[in-house]
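**Q** Quick check, what structure comes out for this input:
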Amino acid sequence: MDSPSEEMDFDSALKHVSSKNTKFVWLGVEPKERIGELLEIDKSRIISIDPEQLLYMDDKELRKLENHVFLCYHGNTSGFMARHLRKAHGLNSYHVKGGTAGIIGDIL
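**A** Sure, this is the predicted structure:
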């Protein structure tokens, strides 16, 4: 089970990204522009990373993701990545509960 500090609802994630001046990390295949449109957030607040790429990044690259909020389709991949970064690398990382499906439905 996720710790409350790791898992966020979408409104909390929006506030977090804004207050920490961080970004959403999109782990899906759709372009970040499309995700921005669907979620009604500026594409500049989103970066897109292949989830497998995260597993091979060095510590210096991963540190750049400190306090970012991970987002995927249903919350499973983003939850795994947030937990992995916390446990294996000691980073503050978060994910959106239920992913995009929990926010806008299962339209992707």
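**Q** going forward, measure contacts between C-alpha atoms and count neighbours the same way
**A** OK.
**Q** Give the buried residues for the longest helix belonging to the chain.
**A** As assigned by DSSP state H, the longest helix anywhere in the chain is helix 76-89. In terms of neighbour count (16 or more other C-alpha atoms under 10 Å), helix 76-89 has its buried residues at 76, 77, 78, 79, 81, 82, 83, 84, 85, 86.
**Q** Likewise for stretch 38-58?
**A** Neighbour-count burial for stretch 38-58 flags 43, 45, 46, 47, 48, 51 (criterion: 16+ other C-alpha under 10 Å).
**Q** quick one: contacts of the lowest-mean-pLDDT helix or strand in the chain?
**A** When each helix and strand of the chain is scored by mean pLDDT, DSSP states H and E, helix 51-56 comes last, with a mean of 90. The contact list for helix 51-56, computed with C-alpha atoms under 8 Å, 6 or more residues apart in numbering, reads 27, 62, 77, 81.
**Q** Stretch 98-107 now?
**A** Contacts for stretch 98-107 (C-alpha under 8 Å, 6+ apart): 10, 38, 39, 71, 72, 73, 74, 75, 76, 78, 108.
**Q** Can you lay out those residues as a markdown table showing distance to residue 31, secondary structure and pLDDT?
**A** Listed next are those as a markdown table, based on distance: C-alpha to C-alpha, whole Å; DSSP: H, G, I helix; E, B strand; the rest coil; pLDDT from 0 to 100:
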| residue | distance to residue 31 | secondary structure | pLDDT |
| --- | --- | --- | --- |
| 10 | 19 | helix | 96 |
| 38 | 11 | helix | 95 |
| 39 | 13 | helix | 96 |
| 71 | 13 | strand | 97 |
| 72 | 12 | coil | 97 |
| 73 | 13 | coil | 97 |
| 74 | 17 | coil | 96 |
| 75 | 18 | coil | 96 |
| 76 | 19 | helix | 96 |
| 78 | 17 | helix | 97 |
| 108 | 12 | coil | 57 |
